[in-house]
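A.B. asks: Sequence and predicted structure below; questions after.
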Amino acid sequence: MDNCIAVNSLSFSFNHSMILDGISFTVPRGSFTGVIGPNGAGKSTLIKCLSHTLTTQSGTIQINKKNIKEYSRTELARMIGVVPSELASPFDFTVYDMVAMGRTPYTGFLSLLTRQDRTVISDILNATDTVHLQERALSTLSSGEYQRVLIAQALAQEPEILMLDEPTSHLDINHRKEILDLLWKLHVTKQLTIILVSHDINTAADYCTDILILKNGSVLCYGKPEQVLTASIIHDCYGIKTHVSKNPVSGKPVVFVVPGYRNDQ
């Protein structure tokens, strides 16, 4: 399996504070990579750098073996779809219009949709189970429905890479599972490479093929869930005592936090 993303010695600072400090890793094509770590570890900043929303100060990011800085904004938008952690639309668009905005890398601004554009949008609405919502205004949607629409909009760009920053952080357990199941289905059926930022270790373990753990802007470890989700690594990252077992259904690691334990005890 070849790599669609290669990061080498990447650093990013803001207001003289180092957010990402010389990190290096590769993302295999077709993988579902989870990015976890404590608050302030640099997870969201990493997504913004990988999508070229932020320009890095040093190091390189290669997409399909080409420096990310050599791509135009339009070229990147056709390769990378991004679902940010929070995105409130200032206008009360319909769901269809919101998803249609994902076609901008192909149509340009203020251009009419072609038959091909409408076919892509229709396919995406079906794939994300949002067809029944297409005439609804955004303001009438639940949190779970709105998140599906944001994913649909990103998919309308027809990307090969989908990046999501905490897409389930405000959802209850039912809607969280729906979104994660949707992402897994898209990963399998569309061969999408997915990078998912999550605060939930067990979510990453259940759904991700690979896990990148960040701490203080550096890569603590990177590998398969069963390789990196050990009690010692989790203690090193979060400073908590845990018990790691195996999910009897999926066979994936399950992390249980031991109550009453602190790093200084």
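C.D. replies: Received, thanks.
A.B. asks: all contacts plus neighbour counts: C-alpha atoms, from now on.
C.D. replies: Noted.
A.B. asks: which residues in the stretch 151-265 of the chain form strands?
C.D. replies: Secondary structure of the stretch 151-265 of the chain by DSSP state E, counting those that start in this stretch: the strands cover 161-165, 193-197, 210-215, 218-223, 242-246, 253-257.
A.B. asks: Turn those into JSON lines, including mean neighbour count and distance to Lys69.
C.D. replies: Output for the strands of the stretch 151-265 of the chain, formatted as JSON lines (neighbours: other C-alpha atoms under 10 Å; distance: least, C-alpha to C-alpha, whole Å):
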{"stretch": "strand 161-165", "mean neighbour count": "25", "distance to Lys69": "17"}
{"stretch": "strand 193-197", "mean neighbour count": "25", "distance to Lys69": "20"}
{"stretch": "strand 210-215", "mean neighbour count": "23", "distance to Lys69": "24"}
{"stretch": "strand 218-223", "mean neighbour count": "17", "distance to Lys69": "22"}
{"stretch": "strand 242-246", "mean neighbour count": "15", "distance to Lys69": "41"}
{"stretch": "strand 253-257", "mean neighbour count": "18", "distance to Lys69": "38"}
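A.B. asks: Contacts for stretch 169-187, please.
C.D. replies: 30-32, 127-128, 143-144, 147-148, 167-168, 192-194, 198, 207 (C-alpha atoms under 8 Å, 6 or more residues apart in numbering).
A.B. asks: one step back: relative to Thr60, which of the strands of the stretch 151-265 of the chain is closest?
C.D. replies: strand 218-223 (15.2 Å; C-alpha to C-alpha).
A.B. asks: Please enumerate residues in contact with that closest one?
C.D. replies: Defining contact as C-alpha under 8 Å, 6+ apart, one finds that strand 218-223 is touched by 20-24, 41, 210-214, 228, 237.
A.B. asks: just to revisit the earlier point, could you dump the strands of the stretch 151-265 of the chain to a markdown table with mean pLDDT and distance to Ile179?
C.D. replies: Compiled in a markdown table, those are given as follows (pLDDT from 0 to 100; distance: least, C-alpha to C-alpha, whole Å):
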| stretch | mean pLDDT | distance to Ile179 |
| --- | --- | --- |
| strand 161-165 | 97 | 11 |
| strand 193-197 | 97 | 12 |
| strand 210-215 | 98 | 19 |
| strand 218-223 | 97 | 24 |
| strand 242-246 | 95 | 23 |
| strand 253-257 | 95 | 20 |
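A.B. asks: Helices of the stretch 151-265 of the chain, start to end?
C.D. replies: 173-189, 201-207, 225-228, 231-238 (DSSP state H, counting those that start in this stretch).
A.B. asks: would you list the ones you listed in a markdown table and tack on distance to Thr74, mean pLDDT and mean neighbour count?
C.D. replies: Shown next, in a markdown table, are those (distance: least, C-alpha to C-alpha, whole Å; pLDDT from 0 to 100; neighbours: other C-alpha atoms under 10 Å):
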| stretch | distance to Thr74 | mean pLDDT | mean neighbour count |
| --- | --- | --- | --- |
| helix 173-189 | 23 | 92 | 16 |
| helix 201-207 | 30 | 95 | 20 |
| helix 225-228 | 34 | 96 | 19 |
| helix 231-238 | 37 | 96 | 16 |
